[in-house]
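Asks: everything below, folded, please.
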Amino acid sequence: MIAVAGLIIGVILGLVLNPALPVTLQPYLPIMIVAALDALVGAARAYLGHTFSDRVFVVSFLSNVLIAGLMVWVGDQIGVGSQLSTAVVVVLGIRIFTNVAAIRRALLHA
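Replies: Residues are numbered from 1 along each chain as shown. Prediction:
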């Protein structure tokens with residue numbers, strides 16, 4: 001219940017304050033969102049498998065976002081930012097779909 005209240009408060013604050021992202025960080029936001037979604041879907045899978053740990057979730061969430069952003073930044077520095085961004089999205093996308101398939105099997109007992 002606390003998480004839902006925090007989500008609602010966060011959405012309201014985001015709509016009211018309308019924060020702006022600096023232009024230099026804009027290329028990294030989509031990659032970081034996909035990395036965060038991977039951690040969230042992984043947490044849902046762990047919860048359904050009765051192996052969820054809040055500490056593991058927080059570390060996974062932060063490290064996924066940080067590593068994905070860092071990889072894209074390094075790619076930008078060496079001149080292959082768009083290719084590395086695509087690679088990160090593909091890898092995280094595969095992980096997300098794998099976790100969603102496991103969640104579906106767990107919920108439908110199939």
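Asks: what sits up against the helix or strand harbouring residue 57?
Replies: Assessed by DSSP states H and E, residue 57 sits inside helix 54-78. For helix 54-78, contacts defined as Cβ atoms under 8 Å, 6 or more residues apart in numbering pick out 27-28, 31-32, 34-36, 38-40, 42-43, 46, 81-85, 88, 92. Placement of C-beta: from N, CA and C, glycine included.
Asks: show me how far the following helix or strand past it is from its chain's centre.
Replies: Once the chain leaves helix 54-78, the next helix or strand it forms, by DSSP H and E, is helix 81-108. Between the centre of helix 81-108 and the centre of its chain there are 10 Å (Cα atoms, centre = their mean, to the nearest Å).
Asks: residues of helix 81-108 that come out buried?
Replies: In terms of neighbour count (16 or more other Cβ atoms under 10 Å), helix 81-108 has its buried residues at 81, 84, 85, 88, 89, 92, 95, 96, 99, 102, 103.
Asks: how about stretch 12-26?
Replies: Buried residues in stretch 12-26 (16+ other Cβ under 10 Å): none.
Asks: rewinding a little: min pLDDT across the buried residues of helix 81-108, which one?
Replies: Lowest pLDDT within these is found at residue 81 (78).
Asks: contacting residues for it?
Replies: 27, 72, 75.
Asks: quick one: least confident of those?
Replies: Minimum confidence in those sits at residue 27, scoring 85.
Asks: mind checking the SS state of it?
Replies: coil (DSSP: H, G, I helix; E, B strand; the rest coil).
Asks: just confirm residue 38 contacts residue 97, I think it does.
Replies: No. Using Cβ atoms under 8 Å, residue 38 is not in contact with residue 97, being 10.2 Å away.
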